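**Q** Here is a sequence together with a model predicted from it:
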Amino acid sequence: MADHEHIIIESGDKDQPFNYAIGMHGSKFFKELKERRVFLGIRCPKCKKVYVHPRRVCGECFVEMNDFVEVGPKGRIGTFTILRYAFIDPETGEQKPVPYGYGFIKLDGADTLFQHYISIDDESKVRIGARVEPVFSEEKKGTLKDILYFRIID
Ligand SMILES: [Zn+2]
């Protein structure tokens, strides 16, 4: 696959009437996640900020970015919530069993936060700044579902 080939993501497990393209940098991110279980960020040549997911232009400097860097896979919780009220998950069209954790994670080497589920097996350990690592699914689809959740490691 060429670096610039675009990946098309299906809209979840339920039949939904749309697909969408995730763009050149999004495709590269998910290709690396799928094939190497690596998180890819991108560094601004001017301010050196590392964005995850990678994007084409630095929002602060308005310059094009092309310097891809590996970040994580470990990181720290930037903020989180524990959901106790069930709602329809737009990814699946079904209610996800509650309670579950969801958070914004600062992967090592990144300057932005990455959103995903956080294991709440021991709620007393879920706090801002806690070290986490991803737990990957066995199935490699090239989507965020390749990560089951992040778990606390300290
Ligand atoms: Zn910048």
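**A** Now that the structure is in, tell me what you want to look at.

**Q** For stretch 46-63, which residues meet the burial criterion?
**A** Using 16 or more other Cβ atoms under 10 Å as the test for burial, stretch 46-63 gives 49, 50, 51, 52, 53, 54, 55, 58. All C-beta atoms are positioned from the backbone trio N, CA, C, and that covers glycine.

**Q** what's the answer for stretch 92-110, then?
**A** Of the residues in stretch 92-110, 100, 101, 102, 103, 104, 105, 106, 107, 109, 110 count as buried by neighbour count, 16+ other Cβ under 10 Å.

**Q** With respect to the ion, which of these is nearest?
**A** Among the buried residues of stretch 92-110, residue 110 lies closest to the ion (Cβ to the ion), at 13.9 Å.

**Q** ranges for the strands of the chain?
**A** Using DSSP state E, the strands of the chain run over 8-10, 19-21, 39-43, 50-51, 67-71, 75-83, 88-89, 94-95, 100-107, 114-118, 131-136, 147-152.

**Q** partners of residue 68 in the sheet?
**A** residue 42 (DSSP bridges).

**Q** Quick one, grab the pLDDT at it.
**A** On pLDDT, residue 68 comes in at 97.

**Q** Tell me who's in contact with it.
**A** For residue 68, the contacting residues are 28, 40, 41, 42, 43, 54, by Cβ atoms under 8 Å, 6 or more residues apart in numbering.

**Q** Let me know the closest of those residues to the ion.
**A** residue 43 (8.7 Å).

**Q** Pull the number of nearby residues for the closest one.
**A** Other residues within reach of residue 43, judged by other Cβ atoms under 10 Å, total 21.

**Q** returning to that earlier point: which pair in the contacts of residue 68 has the greatest spatial separation?
**A** Spatially, the most separated pair among these is 28 and 43, at 13.9 Å (Cβ to Cβ).

**Q** How about residue 88: what's its closest non-neighbour residue?
**A** residue 95 (6.0 Å; Cβ to Cβ, 6 or more residues apart in numbering).

**Q** residue contacts, the one you found?
**A** 86, 87, 88, 89.

**Q** And the buried residues of stretch 92-110, which two are furthest apart?
**A** Spatial extent of these (Cβ to Cβ) is set by the pair 100 and 109 at 26.9 Å.

**Q** related to what we said a few turns ago, could the buried residues of stretch 92-110 go into TSV alongside distance to residue 124 and pLDDT?
**A** Putting the buried residues of stretch 92-110 into TSV (distance: Cβ to Cβ, whole Å; pLDDT from 0 to 100) gives the following:
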residue	distance to residue 124	pLDDT
100	16	94
101	12	96
102	18	95
103	16	96
104	20	98
105	19	98
106	21	98
107	24	98
109	28	98
110	27	98
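
**Q** Cool, thanks, signing off.
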